[in-house]
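Asks: Got a predicted structure plus its sequence, pasted below:
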Amino acid sequence: MDRQTIEELLPFYALDALTDEERELVEAYLREHPEARRQVDEMRKAASVLPQSASPVEPSPRTKAALLARVAVDEGSRVSNDVGRGAHERPRAARWVNIFQAFGLGAATVAILWAVVLNVQLSYLREQVATLNQALVAQSNALEQINQQLAQPPASETVTISLKGTDIQPRARGQLIADPKNNSAVLVISGLDQLEAGKTYQVWLIDASGAKSAGLLSVDTKGQAVLIVTSDATIGSFRSLGISVEPEGGSQQPTGEIVVLSDL
Amino acid sequence: MRINNESNLLPSRDSTTPEQLSDEILAARVARGDSAALEALYDRHASAVLGVLLKVIGERATAEDALQETFWRVWKSASTYESARGSFTGWLFRIARNLAIDAFRRMNVRPQTLSSPDDVDALSDRTSAPDADVPAQAQADFRNRQVRSALASLPKVQRQVIELAYFYGMTRQEIAEATGEALGTIHTRARLGLQKLREELEREEFEG
């Protein structure tokens, strides 16, 4: 890699956004070029303030409680290990050994309980992995289509439209990424409720003549879905996008509750 | 130099509460297994870390999980932190950022900044703890405003490249593909953006 190419990598080195191979090249270069090192230090100084551009958000008390409980269990196991060693090293301090052994026993009990909890969690996680694998297969085709769309030279008219849930599902939110002159767009949505068996979400593009089906949504266990929306007419010719709850297989026209409705 | 001995840096331990200690001293105590020091660091930085995690991940529950994991890694890895190589907050945010990028990539969604490159203030209405340390909070808010103002002064396209690289861990090739710009253009925007950001921070006499 020539000097100019490596110099082009320096801002991304400062932003910590290089591949491992590129990072090694830059670090080797910096060892031999103190002037470049000074430039990188300046850029890194600027990059280091970026976390402060995000507004602070107060965490849930549950997060702190869970962390401290995890730490307490870890401390217990450390004490247990230390006591085990200490009892052999200081046989004359019998009284303290007894106290520590008692404490160690308690800590060991905590550790065993924790191991049981971990086993239960492991089983649960295995089930989750199996479920996620299924979801992954189901969504791979959709993602492939998205990648194909992203690989195409983006048109300058591409717009992103925010979508919001109605009062029925106010947590639902998403985006429609579309070129109004094209007949397809990418719909990304999250926060949708799980539906009962025999029901499905259906996407509608709405114009003056009514609603036209734009496809059925396959929602994962987290309430997220991605869909390539397609239509006979251009996306820009529609006034609104809606999502309704319909019988499995979809409907000709919306018949169930409208959970998302936004102007385009 | 790794901090192993704080005795000559501080008043006696008996007269000092964890809340009065520097991040670096607290990190040294965490490395020795002091959970009170970890709690003090959490109370001091958790809301800022969650702000970054939420900015990238965009989903509250996942961001809270990543927050817990961030401080768990501080607990388990504090002995590897070396104050001579940088500030504790730099080290902390690097852990958080890496976790956020991992979570973001697992979620397979587009970065918010791709859809709204001019929306630097999108998260400005989030609230802080009602019982937070008021002077420290005011100082943090002031620094936050300075950084946002400096970022807002950048041309949108430069800011977008910086945010995609830093917050979302996108490589320069990925940014070029996602934005449809030539690689050379992305290089130029990153360099000019960082340069202007530094100049703006200096102009505002920013003290991180």
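Replies: Good, I have the coordinates. Numbering: from 1, shown residues only, chains lettered A, B, ... in the order given.
Asks: Tell me how the chain divides into domains.
Replies: Using chain A here. A:3-50, A:61-138, A:159-263 (automatic domain parsing).
Asks: nope, chain B please
Replies: B:17-109, B:110-120+B:131-208.
Asks: Would you format the ones you listed as JSON lines with distance to chain A included?
Replies: The C-beta positions use only the backbone N, C-alpha and C, and glycine is treated the same way. What follows is these, written out as JSON lines (distance: least, CB to the nearest CB, whole Å):
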{"stretch": "domain B:17-109", "distance to chain A": "4"}
{"stretch": "domain B:110-120+B:131-208", "distance to chain A": "4"}
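Asks: worst average pLDDT in the domains of chain A?
Replies: Mean pLDDT is lowest for domain A:61-138 among those, at a mean of 66.
Asks: In terms of helices and strands, where is A:Ile228?
Replies: strand A:225-230 (DSSP states H and E).
Asks: A:Lys64 now?
Replies: helix A:61-89.
Asks: Quick one, which of the domains of chain A gets closest to B:Ser87.
Replies: Nearest to B:Ser87, of all those, is domain A:3-50, at 8.0 Å by CB to CB.
Asks: Can you check the distance spanned by that closest one, start to finish?
Replies: One end of domain A:3-50 to the other measures 28 Å (CA to CA, to the nearest Å).
Asks: what about it and chain B, any contact?
Replies: Yes. Using CB under 8 Å from any CB of the partner chain, domain A:3-50 comes into contact with chain B via A:8-12, A:14-19, A:42-43, A:45-50.
Asks: Report the buried members of the residues you listed.
Replies: Neighbour-count burial (16 or more other CB atoms under 10 Å in any protein chain shown) applied to the residues of domain A:3-50 next to chain B gives A:8-12, A:14-18, A:43, A:45-50.
Asks: Tell me which entries of these lie within helices.
Replies: Mapping those onto helices (DSSP state H) picks out A:Glu8, A:Leu9, A:Leu10, A:Pro11, A:Phe12, A:Ala14, A:Met43, A:Lys45, A:Ala46, A:Ala47.
Asks: The residues you listed: which two are farthest apart?
Replies: A:Glu8 and A:Lys45 (19.8 Å).
Asks: Any idea which helix or strand in chain B has the lowest mean pLDDT?
Replies: Every helix and strand of chain B was ranked by mean pLDDT, DSSP states H and E. The lowest is helix B:112-115, at a mean of 56.
Asks: That one: what's the following helix or strand?
Replies: helix B:134-152.
Asks: Show me what counts as buried in that next one.
Replies: B:Ala140, B:Arg143, B:Asn144, B:Gln146, B:Val147, B:Arg148, B:Ser149, B:Ala150, B:Leu151.
Asks: And the strands in chain A?
Replies: A:159-164, A:173-178, A:184-190, A:199-207, A:210-217, A:225-230, A:240-247, A:258-263 (DSSP state E).
Asks: so which of these comes closest to chain B?
Replies: Closest approach to chain B among the strands of chain A (CB to the nearest CB): strand A:159-164, 3.7 Å.
Asks: Could you export the strands of chain A to CSV, including columns for mean neighbour count and distance to chain B?
Replies: Below are those laid out as CSV (neighbours: other CB atoms under 10 Å in any protein chain shown; distance: least, CB to the nearest CB, whole Å):
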stretch, mean neighbour count, distance to chain B
strand A:159-164, 16, 4
strand A:173-178, 22, 6
strand A:184-190, 21, 6
strand A:199-207, 20, 18
strand A:210-217, 17, 15
strand A:225-230, 19, 8
strand A:240-247, 20, 16
strand A:258-263, 18, 14
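Asks: Throw those strands into JSON lines and include distance to B:Glu205, thanks.
Replies: Listed next are the strands of chain A as JSON lines, based on distance: least, CB to CB, whole Å:
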{"stretch": "strand A:159-164", "distance to B:Glu205": "36"}
{"stretch": "strand A:173-178", "distance to B:Glu205": "38"}
{"stretch": "strand A:184-190", "distance to B:Glu205": "41"}
{"stretch": "strand A:199-207", "distance to B:Glu205": "52"}
{"stretch": "strand A:210-217", "distance to B:Glu205": "51"}
{"stretch": "strand A:225-230", "distance to B:Glu205": "46"}
{"stretch": "strand A:240-247", "distance to B:Glu205": "48"}
{"stretch": "strand A:258-263", "distance to B:Glu205": "44"}
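Asks: among these, which is nearest B:Met107?
Replies: Nearest of those (CB to CB): strand A:184-190, 9.0 Å.
Asks: Now do that closest one: which elements does it pack against?
Replies: Other helices and strands packing on strand A:184-190, by 3 or more CB pairs under 8 Å, 6 or more residues apart in numbering or on different chains; DSSP states H and E, are helix A:94-151, strand A:173-178, strand A:225-230.
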